[in-house]
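Participant: Next comes the sequence, and after it the predicted model I'd like to discuss.
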Amino acid sequence: MKKSLYKRKEMMKHVEQHNSGAEWFKDFILGGQDGLVNVLGIILGMAVATNDSRLVIIAGLSATFAESVSMGAVAFTSSKALVDYYRSQEQKEEIEIENVPEIERIEIKDIYYKKGFRGKLLQDIVNRITSNKKMWKDIMMKEELGLAKEFAHPVKSAIIVFLASLIGSFIPLTSFFFLPINLAVISSLIISAIALFITGAVEGRLTVGNWVKKGFQLAIIGMAAALVGFIIGKLTGYS
């Protein structure tokens, strides 16, 4: 019995770690992809418009840090908003369970009736759940409102998105520190396309879908942003 309980605890611990890892991975992909694509479009437009590596680097660095701080702030506020929303709904459920328990019992019964439970088994399930207010509340949150308690910590999410955006932003910019501007443009496009393909491929391997297809999808998105930057640079350039 103890051995079985231990295995169950280990399994639950693994699931929690997996959920946490999935959130971190999602944040890292979001920040890195956004930073790379945005900065790539900006610096390519600047390179074509000015033909000046110094101006490209200034624009790229400005965009890198502004983008990274903005992305981190958005990640924090959106994650915190989700936590606050969950807690507000949680408080409402606690009040309803306390003030109108019979209605809440009916809702629990309806939930498990729809799952196929009938008769004494259904009644036993309702009695067991409603005997524990915490379990009752958690099930109502998940089954009635569709809200899961597993969400990213706002500060951790902000830090991960900020760092990922910073890293992603420097990928297309690095070439301009070391190469003549024409070679830097080509190098930046190639490196960015490879980085986006790898990111999409890794996402495809760890989630659902064809990793090759996802790799190409992300690379095409990045190149589309680069094309927009190129067109704007051509139209507004003075070189």
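Facilitator: The structure has been received and is ready for your questions. Numbering: from 1, shown residues only.

Participant: residue boundaries of the helices in the protein?
Facilitator: 2-50, 53-99, 101-114, 119-130, 133-139, 154-173, 175-178, 181-206, 211-236 (DSSP state H).

Participant: Give the other helices and strands that the last one contacts.
Facilitator: What it means is helix 211-236. Judged by 3 or more C-beta pairs under 8 Å, 6 or more residues apart in numbering; DSSP states H and E, the packing partners of helix 211-236 are helix 2-50, helix 181-206. Using the backbone N, CA and C atoms, a C-beta is placed for each residue, glycine as well.

Participant: try it again with 10 Å
Facilitator: helix 2-50, helix 154-173, helix 181-206 (3 or more C-beta pairs under 10 Å, 6 or more residues apart in numbering; DSSP states H and E).

Participant: In JSON lines: the ones you listed, plus mean pLDDT, mean neighbour count and distance to Met135.
Facilitator: Output for the helices and strands packed on helix 211-236, formatted as JSON lines (pLDDT from 0 to 100; neighbours: other C-beta atoms under 10 Å; distance: least, C-beta to C-beta, whole Å):
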{"stretch": "helix 2-50", "mean pLDDT": "64", "mean neighbour count": "18", "distance to Met135": "15"}
{"stretch": "helix 154-173", "mean pLDDT": "87", "mean neighbour count": "23", "distance to Met135": "27"}
{"stretch": "helix 181-206", "mean pLDDT": "84", "mean neighbour count": "18", "distance to Met135": "32"}
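
Participant: Asn99: which of these is closest?
Facilitator: Smallest distance to Asn99 across the helices and strands packed on helix 211-236 (C-beta to C-beta): 31.1 Å, for helix 154-173.

Participant: circling back to that earlier point, tabulate the helices of the chain (CSV), appending distance to Gly146.
Facilitator: Shown next, in CSV, are these (distance: least, C-beta to C-beta, whole Å):
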stretch, distance to Gly146
helix 2-50, 16
helix 53-99, 10
helix 101-114, 12
helix 119-130, 17
helix 133-139, 12
helix 154-173, 21
helix 175-178, 46
helix 181-206, 24
helix 211-236, 27
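
Participant: Which one of those lies nearest to Leu145?
Facilitator: Using C-beta to C-beta, the nearest of those to Leu145 is helix 53-99, at 5.8 Å.

Participant: chain center to that closest one: distance?
Facilitator: Its chain's C-alpha centre and that of helix 53-99 lie 11 Å apart, by C-alpha atoms, centre = their mean, to the nearest Å.

Participant: what's it packed up against?
Facilitator: Checked by 3+ C-beta pairs under 10 Å, 6+ apart, helix 53-99 has helix 2-50, helix 101-114, helix 133-139, helix 154-173, helix 175-178, helix 181-206 packed alongside it.

Participant: Any chance of these in CSV with distance to Thr77 as columns?
Facilitator: As requested, these are exported to CSV (distance: least, C-beta to C-beta, whole Å):
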stretch, distance to Thr77
helix 2-50, 14
helix 101-114, 32
helix 133-139, 26
helix 154-173, 8
helix 175-178, 32
helix 181-206, 24
